[in-house]
Structures are given as structure tokens and as C-alpha cells.
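>>> fold the stuff below for me.
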Amino acid sequence: MDKEFLEEYSLFRRFNFSVPRTMDIIPTPPINMICRNCGNLQTFNMINKYSQFYGYSNPKSADEKVRLIYLCQSCRQFKRQFDVYISPELDYIYKFGQYPEWEIKMDKNLESTLGKHAKTFRKGLVCESQGYGIGAFSYYRRITEEIIDELLDSITDLVEEVNKVEYKIALEKTKQTRVTQDKIDLVKDLLPSILKPNGMNPLGVLHSELSEGLHAETDQACLENASHIKSILTFLINQIIQSKESAKGFTESMKSLLEKKSKK
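Next up, the predicted model:
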């Protein structure tokens, strides 16, 4: 199996995975999740064998199911369980059961920034946790449409000086359209480098995901898109908050030093 899949994927969200035909070489990676006994993040290791449940043997060209039992390595008591479906072609997997249930948790900075929109975001999380891709996508898209102007405004102070004038002009143009994709398209290439980890442009990806739309996509495709939109919004908001707090801290420190120097 895969660490990211076990830790982060909601129920019924497909994970592309080449399943080995020999059972004993299927990976059993340690995972890091909250232990309800310890009350914090702990390492869990798998303690059962893939063949222990569902009458599973070696995967062939047929549907298979496996159960994974993970034990906290700290308290040696609390367990996590994952029920996983393996595709007939052995090319993808998804969770159809999980205990404790997939945590519907909301980033604190995001919740504070979203304010009145946080309730809608949480509805998206609930839909995502149950594998309702179209519902989750709809909620995340609605939030993006409602906060996009404020989000783009908040980026202004972070834009490099060489792009500031061009960004402000583009920002004014965004006020002339109500289409979220058009707003993003106007400014996405002027995004400050601090918001582009490894050169990747989150606004560019957000534009692409939103452009996919709901009408022609399957529930599974919408579930993928919904997860991407959620991740991008969380990243952008957190980075903007952290950058502004860092700048504020620097300004206050410099001001304090200069005041002390002037008194000497």
C-alpha cells in the first residue's frame, strides 16, 4: 500500500497504484496519524497479513478486498483499520471502509479566514469524506467564487516590485468580470514567487481545476478535483497569512531597533 493513500485519502477516492501479483511483496508502510489514546500524532505499523480477511489470496484479474490493521507503536493499544478495494486490472485502489472514520478536520487559519464561509467548506469536507465528489466539488467551487476577490486583493502586498504595477492593473480588470476562471486567468502569471513552491503555480492549477466544470465529469473525477481545490485554497491562505505575519514581525523588530538607536 501507500503512506499518502492511507493517511490522507477519503473513502472511495481512487489512488493509482500498481498492485503486485504476489501478496508477500505488497508494501506495508508505517503511517503517522493521531492516536486517540496518546492524544497526539504517532507512528502506526501494520500488524496483520493481507490474507487474513475477505478470503484474499493473490490478486488476479478479479475484484479483491483487503483489510489492514495498524497498531500505535507508542501505547501498543490503539488500532486503526482500513478496508481497501483492489481493481480488477490491479491498477488502482480505494478505501471503502475506515475506522476511526476519516477525520473531518479543518485548518485553523483557513477556518478563521473563511469566517462565514467556513460552514460551507465543512460541508465540502463531509461530502469528500463520504466519496460524494460532485457535492464536494460544488461546495469548494462555491467558496472559491465567493472569496476570490478578497484572496486576489490580499496577494497585492506580496507581489514583487517589478510586477506590482502590472498586477494592480490586472487586479482592476478582475473587478469587471464575475467569472472566477477569468479573474484567475488575468493574474495567475503575476503570482509572487513566495506563493509558487518549486515553481508550481497554484492559481494556474486552480484555474485548470475550476475549468473542468461539473457537467461532463464523473463523481470520481470531481472527487479528485475537489481535493485539489481544497489543498490549493488551504496553501494560498496559509502562505498569505504567514508571509504577512512574518513581514509584520520584521517591521516591528526594525522599528524597535531604530527607536532604541535614536535614544542613544
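>>> in the helix or strand containing residue 33, which residues are buried?
Under DSSP states H and E, the secondary-structure element containing residue 33 is strand 31-35. Within strand 31-35, the residues that qualify as buried by neighbour count (16 or more other C-beta atoms under 10 Å) are 31, 33, 34, 35. Where C-beta positions appear, they are placed from N, C-alpha and C, glycine not excepted.
>>> ok, the last one - contacts?
It refers to residue 35. If a contact means C-beta atoms under 8 Å, 6 or more residues apart in numbering, then residue 35 has 41, 42, 44, 72, 74, 75, 78 as its contacts.
>>> again, only using 7 Å
42, 72, 74, 75, 78 (C-beta atoms under 7 Å, 6 or more residues apart in numbering).
>>> now intersect those residues with the strands, please.
In strands, defined here by DSSP state E, the members of the contacts of residue 35 are 42, 72.
>>> which of the contacts of residue 35 are buried? Put it as a ChimeraX command.
Typed into ChimeraX, the next command selects the buried ones out of the contacts of residue 35 (criterion: 16+ other C-beta under 10 Å):
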select :42,72,78
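>>> before we move on, the earlier item: what's the closest of the buried residues of strand 31-35 to residue 48?
Using C-beta to C-beta, the shortest approach to residue 48 within the buried residues of strand 31-35 belongs to residue 31, at 14.2 Å.
>>> show me what contacts that closest one?
The neighbours of residue 31, taking C-beta under 7 Å, 6+ apart as the test, are 3, 6, 7, 44, 70.
>>> hmm, which of the residues you listed are the buried ones?
Of all the contacts of residue 31 considered here, the ones buried according to neighbour count by 16+ other C-beta under 10 Å are 6, 44, 70.
>>> neighbouring contacts of stretch 104-113?
Outside of stretch 104-113, the residues within contact range by C-beta under 7 Å, 6+ apart are 118, 121, 122, 125, 126, 129, 234, 237, 238, 241.
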